[in-house]
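Colleague: Predicted model and sequence follow; I will ask about them next.
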Amino acid sequence: MADRNSSALGTPNDPATATQPPSPHSKLPVVAASIGNFVEWYDYAVYGTLAVVLATLYFPERSATAALLLTFTGYAVASVLRPAGALLFGALGDRVGRRSALSAVVLLMSVSTAAIGALPTYADIGASAPVLLFACRALQGLSAGGEYGGSAAFLAEYAPPGRRALYTSWQTFTVLLSFLVGALLGALLTRGLGQDALLAWAWRVPFLLALPFGLVGLFLRLKLQDTPVFAELRSRQEISRTPLREAVREHRGALARVWGLAFFGTAATFVFLTYATTYAVVNLKSSLDVALTGLSVGLAFGLVLCPFVGIAADRWGRRPVMIGSTVAILVLTYPVFLLMGRGSTLAVGAGFVLFTVLLTLYTGAAPAVLTEAFPTRVRYSGLSMGYSVAGSLTGLATPFALEWLTGHTGTAIGPTLWVLLAGVVGLVAVVGLPETRGTELT
């Protein structure tokens, strides 16, 4: 169905022709779907990149370790609200349309992220400052719950035959791009302005930039009609009235697989792209500038690799790519942490490159697998809820598990143990995957 009705990429703007195949020359659906995902993960990237700075500004009366843990509580706060966002926006996307839900999501995310850049600090208003910080994180979590599932469904439902993994790999591309932009901004501000200016005002700039990013995304999404496959479903009057209930009742196996895959993917993303920066600065005594530069180089490698992972999944299948990447992460995480432990600029940079490559091999193919797990009637709700519950649990547990494990082991074995635990869950889900290369969306 999806492959038949969306044999090329396009943007039907006339409702009367919304179910016609899109123009083969337009890339607007890819850009519009991807930019919201960029804004979502840009927030996570900036928050993680500047965690050490935020800890100083919002929890100055605590020890360095306690302040960092409290700052990472912001991830937990956002994670608690993600399932609620999945419930709200998933139902909107499956009942009213992908376009409406995704437009609301990107607006909420960009406004709440920019609000952090305008917040007073502890020095300004005392204990109320971290409360306001966590309130903004709660709104970000609500919007994040509706973004990934919707934008992944949008990309999959517009993809032409034989290229669904390539199209959905833009999900991963924009995640990596958001971390790269966040890391580059942090590195540029630190190197160009110095620590004093960064603490005084410059830390606000990356957060405030989320607003123009989000407004561009909103404009692009409002220019689109819904995907051809969803428009056809609506024309046949087959829209589900209770999509999440239907997904839970009829697609429990798919929900379980999505949860397992997303649990491992979000845990590895946090460890490799967010925690590794803090680990390099706090545990390895690298400068923030060195850590951010190494992360930026690694992310650039990931961006180049990402579309090739999608192409490989389309050509050779989802299962081989997913199984191979999962095993590679399980085997190589500890050696990469040991390499970073040498402490030199070259070793830290090489560690970030290897982490990003390992992560891209897994997450580049994952969006195709996740979207293909559900039929169109419940795709937005099922994918959003499975992914958000996994992200919620990961966001709640990962920061504290990493700090506790690293504190008790004092070595790179700490974060490695958490990746291995999540990896076992992911491996079980990957091994149980049906091969969906070449299938049509239903």
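Modeller: Okay, I see it.
Colleague: contacts and neighbour counts: CA atoms only from here.
Modeller: OK.
Colleague: pLDDT (mean, whole number) over the longest helix anywhere in the chain?
Modeller: The helix that spans the most residues within the chain, counting by DSSP state H, is helix 164-197. Throughout helix 164-197, pLDDT has a mean value of 84.
Colleague: Residues in contact with whichever helix or strand comes after that helix: which ones?
Modeller: Note on helix 164-197: by DSSP states H and E, the next helix or strand toward the C-terminus is helix 204-208. Identification of contacts with helix 204-208 by CA atoms under 8 Å, 6 or more residues apart in numbering yields 43, 46, 113-118, 182, 185-186.
Colleague: Make a markdown table out of these and add neighbour count and distance to residue 225.
Modeller: Output for those, formatted as a markdown table (neighbours: other CA atoms under 10 Å; distance: CA to CA, whole Å):
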| residue | neighbour count | distance to residue 225 |
| --- | --- | --- |
| 43 | 26 | 27 |
| 46 | 24 | 32 |
| 113 | 29 | 27 |
| 114 | 22 | 28 |
| 115 | 19 | 30 |
| 116 | 21 | 32 |
| 117 | 19 | 33 |
| 118 | 12 | 34 |
| 182 | 26 | 31 |
| 185 | 20 | 34 |
| 186 | 24 | 37 |
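Colleague: of those, closest to residue 30?
Modeller: residue 43 (20.4 Å; CA to CA).
Colleague: Now the phi/psi pair for that closest one, please.
Modeller: phi -60, psi -50 (degrees, to the nearest 10).
Colleague: which ones are touching the closest residue to it other than its chain neighbours?
Modeller: Nearest residue to residue 43, sequence neighbours excluded (CA to CA, 6 or more residues apart in numbering): residue 113, at 6.3 Å. Neighbouring residues of residue 113 by CA under 8 Å, 6+ apart: 43, 136-137, 140, 207-208, 210-211.
Colleague: okay, the residues you listed in JSON lines with distance to residue 128 and pLDDT next?
Modeller: Below are the contacts of residue 113 laid out as JSON lines (distance: CA to CA, whole Å; pLDDT from 0 to 100):
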{"residue": "43", "distance to residue 128": "21", "pLDDT": "80"}
{"residue": "136", "distance to residue 128": "13", "pLDDT": "94"}
{"residue": "137", "distance to residue 128": "14", "pLDDT": "92"}
{"residue": "140", "distance to residue 128": "19", "pLDDT": "90"}
{"residue": "207", "distance to residue 128": "19", "pLDDT": "92"}
{"residue": "208", "distance to residue 128": "21", "pLDDT": "94"}
{"residue": "210", "distance to residue 128": "23", "pLDDT": "90"}
{"residue": "211", "distance to residue 128": "24", "pLDDT": "92"}
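Colleague: Low-confidence stretches in the chain?
Modeller: 1-26, 410 (pLDDT under 70).
Colleague: Strands of that one, residue ranges please.
Modeller: Taking DSSP state E, the chain contains no strands at all.
Colleague: picking that back up, which of the contacts of helix 204-208 sits closest to residue 438?
Modeller: Closest to residue 438, out of all of the contacts of helix 204-208 and judged by CA to CA, is residue 43, at 34.7 Å.
Colleague: Contact partners for the closest one?
Modeller: By CA under 8 Å, 6+ apart, the neighbours of residue 43 are 113, 207, 210.
Colleague: Mind doing that once more with 10 Å?
Modeller: 49, 109-110, 112-114, 116, 137, 140, 144, 178-179, 182, 206-207, 210 (CA atoms under 10 Å, 6 or more residues apart in numbering).
Colleague: separation between it and residue 88?
Modeller: 21 Å (CA to CA, to the nearest Å).
Colleague: what do you get for residue 330?
Modeller: Residue 330 is 35 Å from residue 88, by CA to CA.
Colleague: do the same with residue 415
Modeller: 34 Å.
Colleague: And the two? Which one has more around it.
Modeller: residue 415 (27 against 19; other CA atoms under 10 Å).
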